[in-house]
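K.L.:
compute the structure for the input listed below.
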Amino acid sequence: FYPLEIQDDPYIPPIVLTEITQGGEHLPLEDTLENISDITFQWPNNFFEFEYAAISYIRPEKNQYAYMLEGYDSDWVMAGTRRSGRYTNLPGGDYTLHIKGSNHDGVWNESGTKIRVRILPPLWERTWFQIGMALLVFSGVVAGYRLRVNQIHNRNIELEQMVKQRTHEVERRRLVGEGLREIMILLNSNRSLSESLDFIVSRATHLTSADRAIIYRSNSENQAEIIASYNRNPTSENDSTAVQESLTSIVTPHIQFAQPVVLPSLSQRHTGAGQLHGMEVSQYNALLCVPINVSGDIFGGLALFYINERSFSNEDTEQCMLFADQAALAIGNAHLRERVQQMAVIGERNRLARDLHDAVTQTLFSASLIAEALPSLYETDPIDGRE
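P.N.:
Numbers count the residues shown, from 1 in each chain. Down below sits the predicted model:
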């Protein structure tokens with residue numbers, strides 16, 4: 001007998017996926033593992049383990065295995081005789097897990113088995129979220145840009161307003177300086193006191209934007225007597241009596257203490273029936289008054305009236321005091337001129353008295369000499385003496 005020649009089994013074993021777990025725990029599958037063609041994981045559970053086997057009972061310990069996660073692995077992972085694998089920290093996306101194996105002779109089942117694996121990425125990795133975030137960032141950048149542009153625009157407007165305000169202040173100070181210079185020139189001239197005071201209240205009205213300026217003096221009864229007035233609206237000059245009464249009741253008690261009187265809103269002092277100490281509230285609604293100090297005594301005050309309510313700064317008060325000082329200088333110069341004139345009259349009277357005294361003395365002296373000479377002349381020549 002010739003021995004029969006036994007050939008190796010050309011059988012190529014099929015590959016089956018026996019188990020899929022996550023962290024060692026079985027997944028709650030809706031169907032058996034053999035009938036599932038795809039499986040889905042969601043972040044942060046983006047990992048899984050799997051086991052597989054080749055259905056071959058001839059020397060199964062010689063079977064070889066390899067697997068590859070298409071879309072993640074660049075080549076096959078040669079597992080040898082190991083029948084398990086795992087993937088961790090997978091990025092979001094769609095993958096295909098391929099598993100192949102060989103029999104004990106090294107014949108590979110290239111078709112193997114496969115299953116689709118889908119990893120749902122976290123919220124911030126999803127396309128719609130990234131598009132939304134991109135739009136949000138873009139909107140934020142645009143809004144920030146517009147906000148910055150608006151801020152720069154508003155800042156430029158503020159700077160322009162500040163420049164205009166500073167320019168206006170400089171111009172106003174220049175005009176005030178020129179006005180004071182004109183007043184000084186007038187005071188050094190031979191103008192009368194009434195002309196000087198009228199010029200001062202006129203310049204004070206225009207340079208302080210007042211509606212009316214008044215210079216008054218306090219008499220012995222502590223009442224205000226208007227001695228100079230200038231009104232932008234000449235038709236309202238007929239209210240001088242009411243204004244004078246108002247100055248007497250409102251301003252004079254404070255001016256006596258050499259303190260400025262600042263009333264941004266006269267309506268707050270309303271006393272009823274539309275009258276404010278004799279002055280209609282609807283006419284003047286703000287008042288600034290400073291004392292006029294002449295030679296250490298309070299002569300009266302300079303009052304500025306405004307139709308509209310307004311606030312007064314320290315600079316406004318100081319400017320008003322400058323005009324009050326000019327008025328005090330004019331009044332002081334007028335007093336000096338009066339004294340000079342009085343002294344001139346007294347000097348002339350003294351000169352005339354001296355001249356008269358000298359003439360009378362000389363006449364009396366001459367009469368006394370004649371009286372002394374007549375007796376001797378009579379005794380010498382009686383006839384001549386009678387004659």
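
K.L.:
quick check: Gly179 touching Leu207?
P.N.:
Yes. Assessed by Cβ atoms under 8 Å, Gly179 is found in contact with Leu207 at 5.0 Å. Heads up, the C-betas are built off the backbone N, CA and C, glycines and all.

K.L.:
can you give me the helices in the stretch 1-150 of the chain?
P.N.:
With DSSP state H, counting those that start in this stretch as the criterion, the stretch 1-150 of the chain has helices at 127-187.

K.L.:
Pro375 and Leu364: what is the separation?
P.N.:
With distances taken as Cβ to Cβ, to the nearest Å, Pro375 is found 19 Å from Leu364.

K.L.:
now Ser313
P.N.:
75 Å.

K.L.:
before we move on, what about Gly140?
P.N.:
118 Å.

K.L.:
then Glu171?
P.N.:
If you go by Cβ to Cβ, the gap between Glu171 and Leu364 works out to 76 Å.

K.L.:
swap in Gly71?
P.N.:
Per Cβ to Cβ, Gly71 is found 152 Å from Leu364.

K.L.:
same check on Asn333?
P.N.:
In terms of Cβ to Cβ, Asn333 sits 46 Å off from Leu364.

K.L.:
next one: Gly85
P.N.:
Taking Cβ to Cβ, one finds Gly85 at 159 Å from Leu364.

K.L.:
between the two, who's got more neighbours?
P.N.:
Between Gly85 and Leu364, Gly85 has the larger neighbour count (other Cβ atoms under 10 Å), namely 19 against 10.

K.L.:
so the more buried one bridges to which residues?
P.N.:
With DSSP bridges as the criterion, Gly85 is bridged to Phe50.

K.L.:
now do the contacts for it.
P.N.:
Glu49, Phe50, Tyr52, Tyr67, Val77, Ala79 (Cβ atoms under 8 Å, 6 or more residues apart in numbering).

K.L.:
out of those residues, which end up buried?
P.N.:
Glu49, Phe50, Tyr52, Tyr67, Ala79 (16 or more other Cβ atoms under 10 Å).

K.L.:
from memory the last one sits against Tyr65, does it?
P.N.:
Yes. Ala79 lies in contact with Tyr65 (Cβ under 8 Å); the separation is 4.5 Å.

K.L.:
relative to Val170, how far out is Gln319?
P.N.:
Taking Cβ to Cβ, one finds Gln319 at 14 Å from Val170.

K.L.:
which one of those two has more residues nearby?
P.N.:
Each of Gln319 and Val170 has its neighbours counted (other Cβ under 10 Å); Gln319 has more, 22 against 10.

K.L.:
and the helix or strand containing Arg339, what's its mean pLDDT?
P.N.:
Assigning secondary structure by DSSP states H and E places Arg339 in helix 314-380. Mean per-residue pLDDT for helix 314-380: 78.

K.L.:
how about stretch 24-37?
P.N.:
On average, stretch 24-37 scores 74.

K.L.:
also stretch 78-91?
P.N.:
Computed over stretch 78-91, the average pLDDT equals 90.

K.L.:
so how far is that stretch from its chain's centroid?
P.N.:
A distance of 68 Å separates the centroid of the chain from that of stretch 78-91, by Cα atoms, centre = their mean, to the nearest Å.

K.L.:
got it, and stretch 17-26?
P.N.:
The answer for stretch 17-26 is 69 Å, by Cα atoms, centre = their mean.

K.L.:
other residues contacting that stretch?
P.N.:
The contact list for stretch 17-26, computed with Cβ under 8 Å, 6+ apart, reads 27, 33-34, 39, 41, 45, 47-53, 83, 99, 113, 115.
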